[in-house]
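Colleague: pasting a predicted model and its sequence here:
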Amino acid sequence: MRKRQLCNRTGCGEPGFAVESGENSPHSKNKARLWALVALFSTCGAGGGLEAFVGMNRMDRLVAMVMHLQGRRVVRAEDFAERYGISLRTVYRDIVALGEAGVPVVGEAGVGYALVKGYHLPPVMLTAEEAGALFTGGELAKKFTDGSLDAAVDGALNKLRAVLPADRKDHLEHLARGTVIAGAPGCSSVGADGSSGPAWLAEVQQAVARRCVLALAYRARDQQAETAREVEPLGVVFYGGNWYLVAWCRLRKDLRHFRVDRIQNLERRSETFGTREDFSLSRHIEDYARQGESFPAKIWLAREVQERGRAESYATLVPEKERDGGTEFSLLTWSYEWLARWILSFGAQAEALEPAALRASVFAHAEAVAARHRPGPERS
């Protein structure tokens, strides 16, 4: 006995149409092949993962599309086309094929596609490489965040270990013992007395996701006094070794960046705010980087410290000429004062060349350091 199943193509601007399905229908073979592949993904993992999308065969792509839909509320046809390197027409054909295979995909013109609520694929087993990638990401998150995410990361990694088969658990344990994340630790707030303050990153992320207004007590750079701010959080970004909240500041009536470790107190209000349709976080960060005030400078670095210099400099070091066992570099800086202190950290292996104001700042700081270390009675 056959039944008629509606395969809705409203997401591609075409009317829905009926497709006959059943044990003897011409579509049952595709359905069986799709679910066999789903079973393979569920028990063995996706081989090298789902990253090599371009050029993948159609059955692999159909399963990948279902998994992509399962992890998101709505997906546009254009996003599918870009992700898998296919045309929009091919996307529409693939959506129809999923419907024929019994996958309940619904679409709405101008919005996108979604799975019917409650529909799930069987759990997908991770490969050893995928599990290792998640472990490494979790360890990096603990190292380079402020500690507010540690419990969540540990919980997620424990759940990951719990569902892995014995051989992949062993692989993960070997990886854990053989991995050390060295470098700068995650940032935490510092109180006025120099003590560690509370960690706010997780709370800030929740406010961004839920569009909740935040009340902040914030201390800006080189200021001891706190200011009260009421902000609409729009995004969280990591740059220059620190986490920043990008938000609409109701006090300044403009977009502002708040360094998360400078937040002294935070309260999440019950008030929510609407979506800013004209705001794009990625576009804002690009514009912010282009518009930031900067000043030209020229420095000399000895050859043996140039690798460290490139790693630490927030600006690109452009080599100009080699001399005296080192290289002269030009760069743009946001602060001659900051650059002077950074140059001093290299000792005699670095020199400020231009402008004169930078050289004077380095000299003044060097004199202060020399005065503090002048030979004399030992300090108790």
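Modeller: That came through fine. Numbering: from 1, shown residues only.

Colleague: can you pull out the strands in the stretch 251-380 of the chain?
Modeller: In the stretch 251-380 of the chain, strands defined by DSSP state E, counting those that start in this stretch lie at 254-259, 263-272, 295-302, 318-323, 326-333, 350-354, listed in chain order.

Colleague: Gly85: which of those is closest?
Modeller: With distances scored as C-beta to C-beta, the stretch of the strands of the stretch 251-380 of the chain nearest to Gly85 is strand 254-259 (35.1 Å). C-beta here means a position set from N, CA and C on the backbone, and glycine is covered the same way.

Colleague: just the C-alphas of the closest one, formatted as CSV.
Modeller: Coordinates of each C-alpha in strand 254-259 appear next as CSV, following Å, rounded to 0.1, in the frame of the first residue of the first chain:
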residue,chain,number,x,y,z
ASP,A,254,27.3,55.0,20.6
LEU,A,255,29.0,51.6,20.0
ARG,A,256,31.8,50.9,22.6
HIS,A,257,34.3,48.2,23.3
PHE,A,258,34.5,47.1,27.0
ARG,A,259,37.5,45.0,28.0
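
Colleague: I'd like to know which elements that strand is packed against.
Modeller: Here strand 254-259 is seen to pack against strand 227-239, strand 242-249 when contacts are counted using 3 or more C-beta pairs under 8 Å, 6 or more residues apart in numbering; DSSP states H and E.

Colleague: could you give the angle of that strand to strand 227-239?
Modeller: Taking axes from the mean of the first three to the mean of the last three C-alpha atoms, to 10 degrees, one finds strand 254-259 and strand 227-239 inclined to each other by 70 degrees.

Colleague: turn the strands of the stretch 251-380 of the chain into a markdown table, including mean neighbour count and distance to Leu62.
Modeller: Formatted as a markdown table, these follow (neighbours: other C-beta atoms under 10 Å; distance: least, C-beta to C-beta, whole Å):
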| stretch | mean neighbour count | distance to Leu62 |
| --- | --- | --- |
| strand 254-259 | 16 | 42 |
| strand 263-272 | 14 | 38 |
| strand 295-302 | 18 | 54 |
| strand 318-323 | 10 | 49 |
| strand 326-333 | 18 | 49 |
| strand 350-354 | 18 | 58 |
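
Colleague: if we can go back for a sec, compare the helices and strands packed on strand 254-259 and give me the one nearest Thr136.
Modeller: Of those, the one closest to Thr136 (C-beta to C-beta) turns out to be strand 227-239, at 16.7 Å.

Colleague: which residues in the stretch 101-250 of the chain form strands?
Modeller: If DSSP E, counting those that start in this stretch is used as the criterion, the strands of the stretch 101-250 of the chain fall at 105-108, 112-115, 212-218, 227-239, 242-249.

Colleague: need those in TSV with mean pLDDT and distance to Arg308, can you?
Modeller: Supplementary listing: these in TSV, determined by pLDDT from 0 to 100; distance: least, C-beta to C-beta, whole Å:
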stretch	mean pLDDT	distance to Arg308
strand 105-108	89	53
strand 112-115	92	47
strand 212-218	95	32
strand 227-239	92	20
strand 242-249	92	19
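
Colleague: what distance separates stretch 370-380 from the middle of the whole chain?
Modeller: The chain centroid and the centroid of stretch 370-380 are separated by 47 Å, computed with C-alpha atoms, centre = their mean, to the nearest Å.
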